[in-house]
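[1] Fold the following, please.
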Amino acid sequence: MASPLREGPLPATEAVKLQGRDCQYQFRPLRISDAAAVRQICCETGFLGEPIEPLCGDRELFAALMVNPYLEYALDWGLVAERNGQVVAYLLGAPPDFDASVFRVAAQATLKMLGRAAAGSYREQPQTLHFLNWLLFRSYRERPLRPAHAAHMHFNVRSPERGHFLGLHLWQQFEALLRARSVLHYYGELFSWPGHRPERPYRRYGLQVFDRVPSSLFDYASDLEVENICVYKRLD
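    Numbering: from 1, shown residues only. Sure thing, here's the model as predicted:
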């Protein structure tokens, strides 16, 4: 299904300055050619907004777990923001029946990770072994409840581009896509910890907390008390 999205630069009133130069961001549907850039951003931001190495040393399989299901089964639900022809932010969306696709791809990546662990590839990466242990024995218990029959989305923005509301613009485009497809209910999952409570400002945009659970995902590398939170919204 084609994505009915407005492509092109933001209006002049929304242009921003970055590093002292005028620049404009462009928003467009996700393409398969964006895969490498999306995987890179995923790995640059996957540890509470920072690079994933303290959490997992295997970038290839971390990105396979977090990104590949969307690239393989929900490409036309995704969006990217570009600056000077480079992807600097993405939003990955998915239809309501997406969980089975996630399981198939995640199972393949997890089996590869197990094989690498058995071969000794992670001998010098104890954090990766902790991550694998979490995947196998804790991840399914540490997911919050999610609304039934709802679409799904999550987004990431490269560190240098934060503060320019790229996530919000991508989010608004995603809501337009959902309305065009008569999908009026969606959710996202996010991490929250003391000093960083994104669920609070999200309320301004109509999202409510559906469920929240403690997460041990980051325990190896951080003393923060992190929660995994499901936020949701019904569109008018």
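[2] other SSEs contacting the longest helix anywhere in the chain?
    When secondary structure is assigned using DSSP state H, the longest helix within the chain turns out to be helix 99-118. Applying 3 or more Cβ pairs under 8 Å, 6 or more residues apart in numbering; DSSP states H and E, one finds that helix 99-118 makes contact with helix 59-66, helix 68-73, helix 126-137. (Each C-beta comes from the backbone N, C-alpha and C, glycine too.)
[3] Contacts only, for the nearest residue to residue 66 once chain neighbours are set aside.
    Excluding its sequence neighbours, the residue lying closest to residue 66 (Cβ to Cβ, 6 or more residues apart in numbering) is residue 42, at 5.3 Å. Residues touching residue 42, when contacts are defined by Cβ atoms under 8 Å, 6 or more residues apart in numbering, comprise 62, 63, 66, 67, 156.
[4] can I get the helices and strands packed on helix 99-118 in JSON lines with mean neighbour count and mean pLDDT?
    As requested, the helices and strands packed on helix 99-118 are exported to JSON lines (neighbours: other Cβ atoms under 10 Å; pLDDT from 0 to 100):
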{"stretch": "helix 59-66", "mean neighbour count": "21", "mean pLDDT": "96"}
{"stretch": "helix 68-73", "mean neighbour count": "20", "mean pLDDT": "93"}
{"stretch": "helix 126-137", "mean neighbour count": "17", "mean pLDDT": "97"}
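[5] Quick one: find the helix or strand in this structure with the lowest mean pLDDT.
    Taking mean pLDDT, DSSP states H and E as the measure, strand 16-18 is the helix or strand of the chain with the lowest mean score, a mean of 35.
[6] Residue 185 versus the residue nearest to residue 66, what's the distance?
    Residue 42 sits 25 Å away from residue 185 when distances are taken as Cβ to Cβ, to the nearest Å.
[7] Same question for residue 196.
    With distances taken as Cβ to Cβ, residue 196 is found 26 Å from residue 185.
[8] low-scoring stretches of the protein, by residue?
    With pLDDT under 70 as the threshold, the chain has low-confidence stretches at 1-23.
[9] and with 90 instead?
    Under the criterion pLDDT under 90, the flagged ranges of the chain are 1-24, 97-106, 160, 162-165, 201-202, 236.
[10] so how far is residue 24 from the closest residue to residue 58 other than its chain neighbours?
    Using Cβ to Cβ, 6+ apart and skipping the chain neighbours, the partner closest in space to residue 58 is residue 128 (5.5 Å). As defined by Cβ to Cβ, residue 128 lies at a distance of 39 Å from residue 24.
[11] hang on, the earlier thing: which residues touch the residue nearest to residue 58?
    Contact partners of residue 128, counting by Cβ under 8 Å, 6+ apart, are 56, 57, 58, 113, 117, 122.
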